[in-house]
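Student: need coordinates for the below:
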Amino acid sequence: MDVKFINPVLAAIVNILQTMAEITPKPGKLSVKSDQFSLGVISGFIDLASSDIHVSVAVTFSSEAILDIGSRMMHTELKEVNDDVKDLVGEIANMVAGGAKSNLEEAGYNFKLTLPTVVVGERHQVKHSVEGVTLMLPFTTEAGKFFVEVCTPD
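Tutor: Numbering: from 1, shown residues only. The predicted structure is shown next:
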């Protein structure tokens, strides 16, 4: 795994949350993820693919974190993980991948994005579309935690 693929993803999520939700998440320790179970209740998945490499990205939120983030971004109080929150998580995944894609284009990569997929439920499976090493970085906000995963082929 080359950090050149994870750093643009991490920069994108921080930028999105600072700009759109006025939240500055605090990153934790980067680690290799050894299982496929989520540490939150809702995940957004999206892929970046080029002729050379395929990168799978997942952003997983605790209910507390996504309800706070969603309330801030949508300017209304969200009380449950519902269809509006599912749509928001899909859009966040799309924005993260778009931001990462822009940064990676400056490095000479020409990625295409897939449509985002959203999965909801306690301990749902986070199945990346790529077989390889998955790096995970936890983030903490005032309301709760979320996790960013990036998987590339070995």
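Student: center of this protein, which residue is that?
Tutor: For the chain, the residue sitting closest to the mean C-alpha position, by CA atoms, centre = their mean, is residue 59 at 2.5 Å.
Student: the strands in this protein, which residues?
Tutor: In the chain, strands defined by DSSP state E lie at 26-27, 31-32, 42-49, 54-61, 112-113, 117-120, 132-140, 145-153, listed in chain order.
Student: return the most buried member of these.
Tutor: Mean neighbours per residue, mean count of other CB atoms under 10 Å, is largest over those for strand 54-61, with a mean of 26. Every C-beta, even on glycine, is put in place using the N, C-alpha and C of the backbone.
Student: contacts made by that one with the rest, please.
Tutor: With CB atoms under 8 Å, 6 or more residues apart in numbering as the test, strand 54-61 has contacts from 5, 9, 13, 38-49, 69, 89, 92-93, 96-97, 100, 111, 126, 128-130, 144-153.
Student: likewise stretch 25-40?
Tutor: Stretch 25-40 has contacts (CB under 8 Å, 6+ apart) with 6, 10, 13-14, 17, 60-63, 65-66, 119, 123-127, 133-141, 145-147, 149.
Student: please repeat the previous calculation with a cut-off of 6 Å.
Tutor: With contacts defined as CB atoms under 6 Å, 6 or more residues apart in numbering, stretch 25-40 is touched by 17, 60-62, 123-127, 134-141, 147.
Student: nothing else from me, thank you.
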